[in-house]
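1. Kindly return the folded structure for what I paste below:
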Amino acid sequence: MDVEILDRLQFAFTIFFHNIYPTLFFVICILLLSFYTLLYVPHLSGRIRQNAWMFAIPVLMVLSIANITRQIAKRSFRFTFFSSALTVSLLLIIIAIELYSNLLLSTTNPAHTLTVHNAASSSRSLQIQLLFVAVGVPLTALYTLFVFGHLKEK
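-> Numbering: from 1, shown residues only. Okay, the predicted model is just below:
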């Protein structure tokens with residue numbers, strides 16, 4: 001009887017410190033960083049403050065982080081991967097929303113900020129890039145199929 005109780009305690013301890021504790025630490029860090037950003041870096045939270053519906057994006061991000069631990073405890077690793085991918089995607093969406101049209105903010109002179117418009121390629125360079133992509137992507141796909149076909153036989 002005592003061995004069974006010890007096994008259950010060890011299992012609970014293992015689940016907490018290997019699955020829940022790191023995720024809890026990560027969620028706390030994300031929340032602290034978010035509060036810091038809201039309070040001390042106002043240009044990174046202006047659009048979300050202006051549009052109330054955009055508050056759903058950070059909330060969904062925190063929920064997807066919490067879902068990672070839940071799915072690990074359920075041993076559902078496919079949904080764990082999807083929650084992790086959703087977390088990264090939502091973080092990138094938040095960055096894109098807040099930084100658009102600026103790509104790189106200048107700290108010395110706002111006139112030197114790199115924007116989407118002044119960093120855009122010329123029409124000629126985009127045509128050359130399209131030519132390389134039109135030739136390179138099919139060759140890469142054929143090579144990948146060739147390699148997988150030969151490795152599958154072995």
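2. From the centre of the protein outward, give me the first residue you hit.
-> The residue lying closest to the centre of the chain (Cα atoms, centre = their mean) is residue 88, at 1.2 Å.
3. before we move on, which element is that residue in?
-> helix 77-99 (DSSP states H and E).
4. Next: residue 103.
-> Residue 103 is part of strand 102-104, with elements assigned from DSSP H and E.
5. pLDDT on the helix or strand just after that strand, on average?
-> Remark: after strand 102-104, the chain's next helix or strand is strand 114-115, criterion DSSP H and E. The predicted model assigns strand 114-115 a mean pLDDT of 89.
6. Show me how the record splits the chain into domains.
-> Domains of the chain are assigned by automatic domain parsing as 2-119, 121-154.
7. looking at those, which one has the lowest mean pLDDT?
-> If you rank the domains of the chain by mean pLDDT, domain 2-119 sits at the bottom with a mean of 82.
8. quick one: that domain to chain centroid distance?
-> How far domain 2-119 lies from its chain's middle: 8 Å, per Cα atoms, centre = their mean, to the nearest Å.
9. Mean neighbour count, the domains of the chain: which tops it?
-> Compared across these, domain 2-119 shows the largest average neighbour count, a mean of 13 (mean count of other Cβ atoms under 10 Å). Yep, even glycine has a C-beta here, placed from its N, CA and C like the rest.
10. returning to that earlier point: contacts for the helix holding residue 88, please.
-> For helix 77-99, the external contacting residues (Cβ atoms under 8 Å, 6 or more residues apart in numbering) are 43-48, 54, 57-58, 60-61, 64-65, 67-68, 71-72, 105.
11. in which helix or strand would I find the nearest residue to residue 90 once chain neighbours are set aside?
-> Spatially, and ignoring its direct neighbours in sequence, residue 90 is nearest to residue 61 (4.0 Å; Cβ to Cβ, 6 or more residues apart in numbering). Assessed by DSSP H and E, residue 61 sits inside helix 56-73.
12. That helix - contacts with which helices or strands?
-> Contacts defined by 3 or more Cβ pairs under 8 Å, 6 or more residues apart in numbering; DSSP states H and E place helix 56-73 against helix 21-40, helix 77-99.
13. again, 10 Å this time
-> With contacts taken as 3 or more Cβ pairs under 10 Å, 6 or more residues apart in numbering; DSSP states H and E, helix 56-73 sits against helix 2-15, helix 21-40, helix 46-50, helix 77-99.
14. could you give the angle of that helix to helix 77-99?
-> If you take axes from the mean of the first three to the mean of the last three Cα atoms, to 10 degrees, helix 56-73 sits at 160 degrees to helix 77-99.
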